[in-house]
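Undergrad: Predicted coordinates and the sequence they were generated for:
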Amino acid sequence: MSDIFGTPAPRRPPGRAPERRQRVLVPTLITLAALLFLGSIFTNVWTDRLWFQSVGYGDVFRSVLLTRVTLFLVMGLIFGLFVVANLYIAYRTRPDAAPMRRDDPAYRYRLALTPLLRPVTIGLGVVLTGFAGSVAQAHWDTYKMWRNGSSFGIKDPQFNKDVGFYVFDYPWWRFLSSFSFALIVITVLAVLFLNYVYGGIRIAGRGPKLTRAAQMHLSVLVGLGVLLKAVSYYLDRFGLMISSGKLIDGGTYTDINARIPSKNILIGVAIVCALLFFAAIFIRSWALPAIGLGLLALTSILIGAIWPAVMQGFQVKPSEPDKEAPFIKRNIEATRQAYDVDSTKVESYSAKTALTPAELASSAESRVSTRLLDPTLIADAFEQLQQVRGYYTVPKTLDVDRYKLGDETQPQDTIIAARELNLSGLQSSQRNWANDHTIYTHGYGIVAARGNERGPNGEPVFVARDIPLVGEIETTTPPRIYFGEQSPSYSIVGRPKGAQPIEVDIPRGGAATDDAGKANATQNTYDGKGGVPIGGLFNKALYAFKFAEPNIVLSSRVNSASKILYDREPRERVKKVAPWLTADGDSYPAVVDGRVVWIVDAYTTSNSYPYSEHRSLRDSTADTLTDGQSQAALPTDQVNYMRNSVKAVVDAYDGSVKLYQWDTKDPILKTWMKVFPNVVEPKANISSALLEHLRYPVDLFKVQRDVLQRYHVTDAQTFYEDGERWKVPEDPTAPTGSNALQPPYYLSTARPGEDNPQFSVTSVYLPNSRQNLASFVSVNSEATDTANYGKMQILQLPSETQIPGPSQIANDFQTDKGVTQALLQFEQSKQANILRGNLLTLPVGDGLLYVQPVYIQRSAVEGSYPVLQFVIASFGKDVGFGQTLDEALRVALGLEAGSTPDELDDPSDPTTPGEETPASKTASALLDDATGFYEDAQKALKDGDLSTYQRRIAQMADAIEAAQKAVEDEAAAKKK
């Protein structure tokens, strides 16, 4: 075909058709990718909406979503429209006659940009709107706290502002300042580029030349930027009160006397500089604005940097203790307030290492109710004895609670675990989608044992066991565990009315399956209120997309009555319904009012408390349990304020979440209760049955323990010298080389000044770079004791008394002659392993008693588990070893089993007073005695009399040492 001039149309070269197809393919792929992205967002948002509705927290979802969308649109549009509007102004004020030199880069940019100017500008506006909106919506919590902030009733010592200003207001103003400054910077760069392309700025001769319009435009923008810098300098003054420093956090002498005055000066200079830029609109010259900008830069260097450095080096450093003392005092007071340890006092503790047997026995009997079972070692015993089926399991580290058992009036320390579902315990032939997600859906019941008792063979003494559940801890409803720490990612439950149940429930018989291959168990259909209905096709499709599983749509197991259970871990459920809370790493099961529930401690935190020391949550709470993943690690957030403000309860059957106010004075919680009304229930709504199982949270205690390593010192001079710093000991039971810290321990003990044992969380400190004990710290964890709950007691040992620390005691336990001889048969045996349990420290009789359980586990035997065989106890230099704590204490006291402190002399003892003493015997006679002691010891060991065994072994060792000394004395006598 030809055109009107007769010129033949060019033929399509070979290979051009694919290019056309590519032009179609690329937009199609982009469209599909965009739809997939938007579909993913819609799926996540809509399924979150359904999830929140299912747990009764739809208001939280709507409030958070509305706030985030509003911030996204408002802040994003402000950013995008501001940039686009300034580009429009720059384009409309471009010079009419721009240079047209083809070698000018601006000319080439202009040719390429002009045809696409409108779509590029719109695209840039959309991108900037999306980027800025995304940044802004992530600060929804900062905005909410600013809008609803409460007063702390405490003023900072420098500016006399309420702490609430720093916690609630300052973060939002700082965000707005940074956001606005970034807006001006992006706008200035965009306007500079457009003016360069269209001739508003020309690069020639001695430098760039600007048109009058470009100069005016940029003067206004730069003036606004400098004005925002003045606002930033103003906020910087308050930022110094929450900054981190080498000596302390918060304002120091140099900050107060140099940096704050320099910020004040820079504020004035920046305002003057901004006015000069605004004046450039009228004076048509950049000279004054340039001078002002140079003055600002010079001032920021001389006054903002050099002056503080000179003051620090020549005025502060030579007499730092005196200069910084007032500010160290501020830091100490604020830190102790922020971590709620300001009422904690260090008490002197005599820590005697020598008491009469009667004193120690009487004190131990009245004060010690020691938990012997180690929650980190007995999980295998719980699992092997109470697993029932391979698809049930308990966590590797169990929990410590207390219950009134039987006819006892006082609660007893109890080790407890939920019997949860473990899909990996199924045979490989059983693993398929239907089994994993519709049949094996839940665990069943709890397993609990007395914390201070052992069975005849060292096994736990169970108080809740078997399926159905029997024992002293009773449930009024079937204790099915649909929501727990090890629940499957999702389960689909529910059947139409009259349909046959399919969920495996209560096992029966001995085998997991019958002869037909069916699960040998009763079946159940979930009838709880938890879960999201997915009977309709729309919801099926949503969750099929969410979990990438087409069976959710295709399977007949998903019916009109079906619900899907997901996000089932208790901590995750609490964090999801209350995203402003930080959940404790250790949630624990409890039976409350006949129902199995999970109790989760939750914290409000801030990193803006003036003068308070910052701490990393993860570093402060790291120990053996978090290193071994037995307890969840907290996030790496830097905080300098922390409160256990909420106690959360998650029902194990229906997944319902209840939040109870715990700290009624916490201003941050009060703020969030204004943001989300009726979400947190008042403290008065906590039932007495629930109160019995609440405890002092372990992660809060670990953070406070970390802070008090240094902040137990309240004198500024002593704090500066840093000679009284403590440290948390390494766990002597941890694997060699791990350097993990010893975790706190929950146990019942009577602290000095108290008559009755109280449930407490305890730990110890060592002096820095030493291994002997510095102090013992405990917190009353009995929530029913409202007057004393949360009271922290620190017992500081006198520096002149060398009380061994955990590592030293562990070494003594491992090298004690009686202990090593008793355990020798197990160490030499290839069929048994020795496992040493948690090393507990207890204040007893003005001294410190150490107790450690010893477990024996058969090795290389399927189904073996650790059994509690022995208990080691130590007071001072005396080590006792027995099958019970009472026996170990009596051995440590030098008493026979069943004797009293007045019956110290044993007529059957070969070394009873009145007979020949070792000093008067010959070496040969002493060796005969040693042989006799050894034979008596072996007989006692065979009879199971460990107290006599240990005494005879110790006597044998003394006789051998005496014989060796006698030989040396005889040899010396012959030389003379």
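TA: Right, received. Where do you want to start?
Undergrad: what sits against the residue nearest the centre of the chain?
TA: Centroid check for the chain by CA atoms, centre = their mean gives residue 634 as the closest residue, at 1.9 Å. The contact partners of residue 634, by CB atoms under 8 Å, 6 or more residues apart in numbering, come to 582, 585, 617, 618, 621, 699. All C-beta spots, glycine's among them, are computed from the backbone N, C-alpha and C.
Undergrad: from those residues, which is closest to residue 461?
TA: Each of the contacts of residue 634 was checked against residue 461 using CB to CB; the closest is residue 585, at 28.5 Å.
Undergrad: Return a ChimeraX selection command for the buried portion of the contacts of residue 634.
TA: ChimeraX command restricting the contacts of residue 634 to the buried ones, with burial defined by 16 or more other CB atoms under 10 Å:
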select :582,585,617,621,699
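Undergrad: Just the contacts of residue 634: which are in strands?
TA: In strands, judged by DSSP state E, the following of those are found: residue 582.
Undergrad: List just the nearest of the contacts of residue 634 to residue 638.
TA: Distances from residue 638 to these, taken as CB to CB, are shortest for residue 617 (7.9 Å).
Undergrad: Contacts only, for the closest one.
TA: Counted by CB under 8 Å, 6+ apart, residue 617 has contacts 582, 605, 634, 635, 636, 637, 638, 639, 699, 703.
Undergrad: which of those count as buried?
TA: By neighbour count, with 16+ other CB under 10 Å, the contacts of residue 617 hold 582, 605, 634, 639, 699, 703 as buried.
Undergrad: any chance of those in a markdown table, plus pLDDT?
TA: As requested, the buried ones among the contacts of residue 617 are exported to a markdown table (pLDDT from 0 to 100):
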| residue | pLDDT |
| --- | --- |
| 582 | 96 |
| 605 | 96 |
| 634 | 85 |
| 639 | 95 |
| 699 | 95 |
| 703 | 97 |
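Undergrad: Can you tell me the closest non-neighbouring residue to residue 455?
TA: Counting by CB to CB, 6 or more residues apart in numbering, residue 461 is the residue found nearest to residue 455 once chain neighbours are left out, at 5.5 Å.
Undergrad: Now do residue 964, the pLDDT please.
TA: In this model, residue 964 is scored at 64, pLDDT.
Undergrad: what does residue 208 give?
TA: Reading off the model, residue 208 has pLDDT 77.
Undergrad: per-residue confidence at residue 927?
TA: For residue 927, the predicted pLDDT is 64.
Undergrad: Likewise for the one 10 residues further on?
TA: Turning to residue 937, the model gives it a pLDDT of 67.
Undergrad: Make sure residue 564 is indeed in a helix.
TA: No. Counting by DSSP: H, G, I helix; E, B strand; the rest coil, residue 564 falls outside a helix, being strand.
Undergrad: Phi and psi next, for residue 284.
TA: phi 60, psi 40 (degrees, to the nearest 10).
Undergrad: my guess is it contacts residue 210, does it?
TA: No. Under the criterion of CB atoms under 8 Å, residue 284 is not in contact with residue 210, lying 10.5 Å apart.
Undergrad: a strand runs through residue 347, doesn't it?
TA: Yes. Counting by three-state DSSP, residue 347 is part of a strand.
Undergrad: Show the contacting residues for it.
TA: Going by CB under 8 Å, 6+ apart, residue 347 touches 752, 793, 794, 795, 796.
Undergrad: And for residue 531?
TA: By CB under 8 Å, 6+ apart, the contact set of residue 531 is 54, 493, 494, 563, 564, 565, 655.
Undergrad: from these, which single one is nearest residue 675?
TA: residue 54 (22.0 Å).
Undergrad: which SS class is that closest one?
TA: Secondary structure for residue 54, judged by three-state DSSP, is helix.
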